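Chemist: Next come a sequence and a model predicted from it.
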Amino acid sequence: MAILIIAEHDNSGLNEATLHAIGAGTKISNDVHLLIAGDGCAAVVEQAVALDGVTKILVAEAEIYADPLAENMANLVASIGNKYTHIVASSTAFSKNFLPRVSALLDVSLISEVVDIEAEDIFLKPIYSGSATATIQSRDPIKVITVRATAFEALKGNGGGAVVESLTALDDMSVSKVVGNHFVPSLRPPLPSARVVIAGGRGVGSVENFLLLESLGDKLGAAIGATRAAVDAGFVENDLQIGQTGKVVAPDLYIAVGISGAIQHTSGIKDSKTIVAINSDPDAPIFQTSDYVLVADFSEVLPELIQKIQL
Amino acid sequence: MKALVAIKRVADHTVTVRIKSDNSNVDLSDTKMVINPYCEIALEEAIQQKESGAISEVVAVSVGENLCQEQLRAALALGADRAIHIETEGNPEPLIIAKLLAKVVEAERPQLIITGKQSVDSDNNQTGQMLAALLGMGQGTFASKIVIEGNTALVTREVDGGQQTVSLTLPAVVTADLTLNKPRYASLPNVMKAKRKPIERLQAEALGVDVSSRTRVIRTETLGRQRVGVKVTSVDDLVNKLKNEARVI
Amino acid sequence: MREVLEFDVVIVGGGPAGLSAACRLMQMGEDKRALTVCVIEKGAEIGAHALSGAVMESRALDELFPDWREKGAPLNTQVSQDETFWLKSEHSAWRVPHTFLPNGVRNQGNYLVSQGKLCRWLAEQAERLGVEIFTGFTAKELLFNETNVISGVVTGDMGLNTKGKPKPGYMPGIELRGKYTLFAEGSRGHLGKQLIEHYELARNADAQHYSLGLKELWEIDPKLHQQGLAIHNFGWPLNGQSNGGGFLYFTEDSQVAVGLVVDLDYRNAYLSPFDEFQRMKHHSTIARFLQGGRRISYGARTLTKGGYHSLPKLIFPGGLLIGCEAGLLNIAKLKGIHTAMKSGMLAAESIYIEVSGGCKGGQELVSYSENLRQSWVYDELYSARNFSAAIHKFGYCVGGIFNVIDQNVFRGKLPLMIRNNQEDHAQLMPIAQCDAIEYPKPDNILSFDKASSIYMSNVYHDADQPCHLHLSDSAIPLASNLADYGEPALRYCPAAVYNIVEEKNERRFVIEAQNCIHCKTCDIKDPAKNITWVPPEGGGGPVYSKM
């Protein structure tokens, strides 16, 4: 019962998300194959060979996999897909793009954003922006799934011993081509899709104090947000506003600093997985809608938090 | 050039979701239903392309039970020229929806097919891509901009870390992301006119598609979203809980 | 130039009155000349803004649709048991024997309903009969023709920013014209308010009186549920600070509707209807049912309770007032749905006869007023005419005894007129003269804070739109209301719309218009009459599903 994980990488190493996908895979089977497609990805293969839990690595080296189009990636995976009971990838923009095509080509369904694997055919996934979950059973002969990286342990370890097999590249499907890429690595993730959000309210008190939140955001690769009150008070720009008005966020971790918790803000964060509120007022309403509560002056605790917290 | 827009009937995302008492599924009784916000954006895009002359006809299509005709009427009120309802029982899986839509594409021969990138109920983000694969077409997912030039579409896509622009040979499938546009309001006169427009109705079985599901929902649960507000006593305590209890870092 | 859409009849408001009128108009036209009728509703869907207890008499529905059972009208729970409690204190209560209760609160044979569900059913019937229903559109302004006749309404603009300037996608409102326009906006409708002023419709009436009804839906432990049980209570916690009382109705699916109605003629500036409601639920007569249960919905809406003495003139050239817009609630019975529906039906009948006869509209439909006067609606209002004023004047004990005698023995025919002509907002006393009321903190099991409560009303408004709560004088809240009355808006608003914020030693009066659940309390109770509620952009507001 071999399963196939699709790797995401940048030619120098595997994307962190893939390690989590492999971790998820090992819950289903011991025979885990990893597909690496790219152009000049030897370093990635080397890293992969050393991983625990991976029994075989399939490598497809070709120019068309350099910045792979969904069409070509999907055709490649579909061409070998029926040898496997499961095909797994981490839920990223990359795999969300092509994995549904794979499913359709193999005539099986796709279960997206799995957060728990109850059995080889039973998966738990969030629905309605995470305000509910559905447990789904699939009777497809091949189970194609994407997994939410944060829900599974990343596979680390240096077991090694994977066999490497070469795959022949397929022809370009030639219905599309990449015209350009515009990556902005230094900017923060966009609020609606950020995994971690740090937000400040009127209680932050000043533009300068918001810099503390930015530092915490830097440490966690987080997006920075604010309440309407903070925007109105001039601490930050309008586009950071979270709430019914501004943006709705659904991060894994939401840290509210100096936010009292008015409804028009809390409705914009209700689907966050974990909400932490830091406020010096022990009666702040936001404490009713948080998972963890730290009654303290943020200017005292944030520096310590920045120091001690890691992703 | 014809555009086909697939729209889905979903519960309004501002309304709190309720689960049936036997946990079998979501309870949609007495719930306000709307066009999926991303589908609305897809429809708006098609209408704007029509207004700029790139497209001559916008056809809206929806798969589901009778009531989704409400959303098709809303699409007509917003500016779709025609509407097609593919009647099925319940809510089919994305693959089945894609197969049904593929049949409509074969009959209608649109040059541009636009769907929303995902629906706010299942959050799957699959149907557009599956449809493209079944049709052997190119795709531009999570689109924030679409420019039609001759028989090519230039699609700017929102990806992790930035944007990518792809050029697609038409016909192709595009899925709409949040920043593509801001949908318009339907005017009262248009709402009224839409009520009189015909909706073409197709039966799923008659299209020759096997609509039996391969997946079934065993259980649905809310997260019991009573956030308990656990008081942490120190930064160390907080970091520890976030790491070992909440598992978010 | 605005676009124009014409109908024979335009109906403003998709509640029981408006929808009944619409149905009746089409019924009158069946097999004869059909009129074109439209209903315009500001909520995102029919029922989105509908909120009521409610115990309903089926009398009007029996007349409108004699086969309502076959048609599946949502009257599924009949009252099987009535109980009334006088809550003497937080910890004690006395069950009031039936003999000591006015007839009107004996409910056997009546139905426990959800007004929202009822409206959705009425809307289905209306559409089937050919009525055009437009939801998510507001009636923003009155449309007068050159001779001071109402010729319809102007719908609200969509897509204006906070400064009132058009955004991309801006859509101007249209003129919705009708030969007759029925105003059915419910209690304290903003257009009704303008009409009453413009045509001096209340010239010969007492001041109108209002209550604020707060309600929650709970799913309770099935073992504790008794479908068909209707409980009313009075006394604690209002304790004479305001008149009013609570209710607990056991409907279908192990659900209960629990609520408190607070008369808005209260004097104590410390009174917070929301907090009174929250603490009421802790009384054992209520808490014993709610424990282990789960709150699923919250909402609030004013009721118009002045009744007979406060009835304005209901007709003016080209238009009519129906339902709670007119003030037809029977306070002695605590019921207004049946009178609202009947008034809609009578209005429809008058209009149909006029319009189908070829008349161009724009008249004062005297036949409507006359027919209403001849109908059971009028009989009910007349016999209930002293009920509320008696309690207002004499308090619960004496007033209550009077009511029992008046209603049960004399059937409301005692030749007395007990009046209350003081406006609700003018009753508020300066805060310096009021005894402070300390409300307990919510325990988040039975009682909750405003923020989490409004969340349960699914309220939503696009933030980037003009504020729909207009202050005639923006200085008043801080300059006088605060000093004199402690700025009661902070207390009477059940949605935490009004706040005073301190920043760098400066105080600001902040209006969080997005929280507004369209209850109209501020429009009624502000002591300076400084606040005018106008409809925000259509489709916004709460989304009640089974309230």
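Modeler: Arrived safely, thanks for sending.

Chemist: For stretch A:22-30, could you pull out the residues that count as buried?
Modeler: A:22-26, A:28-29 (16 or more other Cβ atoms under 10 Å in any protein chain shown). Backbone N, C-alpha and C define where each C-beta goes, glycine included.

Chemist: Generate a markdown table for those, with secondary structure and pLDDT as supplementary columns.
Modeler: Listed next are those as a markdown table, based on DSSP: H, G, I helix; E, B strand; the rest coil; pLDDT from 0 to 100:
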| residue | secondary structure | pLDDT |
| --- | --- | --- |
| A:22 | helix | 93 |
| A:23 | helix | 92 |
| A:24 | helix | 94 |
| A:25 | helix | 94 |
| A:26 | helix | 92 |
| A:28 | coil | 94 |
| A:29 | coil | 92 |
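
Chemist: count of residues packed around residue 163?
Modeler: Here I'm looking at chain A. By other Cβ atoms under 10 Å in any protein chain shown, 11 other residues sit near residue A:163.

Chemist: oops, I was thinking of chain C
Modeler: Residues near residue C:163, counting by other Cβ under 10 Å: 7.

Chemist: The nearest residue to it once chain neighbours are set aside and chain B: what is the separation?
Modeler: Leaving aside its chain neighbours, residue C:163 sits nearest to residue C:466 (7.5 Å; criterion: Cβ to Cβ, 6 or more residues apart in numbering or on different chains). As for residue C:466, its distance to chain B is 16 Å (criterion: Cβ to the nearest Cβ, to the nearest Å).

Chemist: I'd assumed residue C:160 was in contact with residue C:466.
Modeler: Yes. If you go by Cβ atoms under 8 Å, residue C:466 and residue C:160 touch, sitting 5.8 Å apart.

Chemist: wait, doesn't residue A:138 sit right on residue B:217?
Modeler: No. Judged on Cβ under 8 Å, residue A:138 makes no contact with residue B:217 at a distance of 10.9 Å.

Chemist: C-terminal to the lowest-mean-pLDDT helix or strand in chain B, what's the next element?
Modeler: In chain B, no helix or strand scores lower on mean pLDDT, DSSP states H and E than strand B:230-231, which sits at a mean of 88. Using DSSP states H and E, the next helix or strand after strand B:230-231 towards the C-terminus is helix B:235-244.

Chemist: Can that following helix be said to contact chain A?
Modeler: Yes. Remark: helix B:235-244 sits within contact range of chain A at B:235-236, B:238-239, B:241-242, by Cβ under 8 Å from any Cβ of the partner chain.

Chemist: can you give me how far that helix is from the chain middle?
Modeler: Remark: helix B:235-244 is offset 39 Å from the chain centroid, using Cα atoms, centre = their mean, to the nearest Å.

Chemist: for stretch B:84-93, same thing?
Modeler: 14 Å.

Chemist: and the end-to-end length of it?
Modeler: Start and end residues of stretch B:84-93 are separated by 19 Å (Cα to Cα, to the nearest Å).

Chemist: where does chain B come near chain C, residue by residue?
Modeler: So far as Cβ under 8 Å from any Cβ goes, chain B lies against chain C at B:12, B:14-16, B:18, B:21, B:30-32, B:182-185, B:187-189, B:191-192, B:195.

Chemist: ok, whichever residue of the stretch 351-500 of chain C sits closest to chain A - how many residues close by?
Modeler: Taking Cβ to the nearest Cβ, chain A has its nearest neighbour within the stretch 351-500 of chain C at residue C:463, 3.0 Å off. Residue C:463 has 17 neighbours, counted by other Cβ under 10 Å.

Chemist: so it sits right up against residue C:536, yeah?
Modeler: No. Contact criterion Cβ under 8 Å: residue C:463 and residue C:536 do not qualify, at 10.5 Å.

Chemist: what's the overlap in contacts for the two?
Modeler: Counting by Cβ atoms under 8 Å, 6 or more residues apart in numbering or on different chains, no residue touches both residue C:463 and residue C:536.

Chemist: quick one: the helices in the stretch 51-200 of chain A?
Modeler: Here the stretch 51-200 of chain A has its helices, by DSSP state H, counting those that start in this stretch, at A:70-81, A:93-106.

Chemist: quick one, which of residue C:466 and residue C:160 is more surrounded?
Modeler: It is residue C:160, of residue C:466 and residue C:160, that has more neighbours when counted by other Cβ under 10 Å, with 19 against 16.

Chemist: quick revisit: quick one: buried ones out of the residues of chain B next to chain C?
Modeler: The neighbour count (16+ other Cβ under 10 Å) marks B:12, B:14-16, B:18, B:30-32, B:183-185, B:187-188, B:191 as buried among the residues of chain B next to chain C.

Chemist: now, the most widely separated pair of these?
Modeler: Spatially, the most separated pair among these is B:18 and B:187, at 32.7 Å (Cβ to Cβ).

Chemist: remind me which residues of chain C are low pLDDT?
Modeler: Scanning chain C for pLDDT under 70 picks out C:396, C:503-504.

Chemist: Near chain A, which residues of it are found?
Modeler: So chain C meets chain A at C:441, C:444, C:449-452, C:454-455, C:459-464, C:496, C:501, C:503, C:512, C:514-515 (Cβ under 8 Å from any Cβ).

Chemist: what does the stretch 151-300 of chain A put close to chain B?
Modeler: A:173-185, A:190, A:192, A:196, A:220, A:244, A:252-253, A:267, A:270, A:273-277, A:287-295.

Chemist: In ChimeraX, how would I select just the buried ones from these?
Modeler: Burial among those is assessed by 16+ other Cβ under 10 Å; the matching ChimeraX selection reads:
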select /A:173,175,176,177,192,196,220,244,252,253,267,270,273,274,275,276,277,287,288,289,290,291,292,293,294,295
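
Chemist: Redo the helices of the stretch 51-200 of chain A as a markdown table? Include distance to chain B and mean pLDDT.
Modeler: Listed next are those as a markdown table, based on distance: least, Cβ to the nearest Cβ, whole Å; pLDDT from 0 to 100:
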| stretch | distance to chain B | mean pLDDT |
| --- | --- | --- |
| helix A:70-81 | 6 | 96 |
| helix A:93-106 | 4 | 95 |
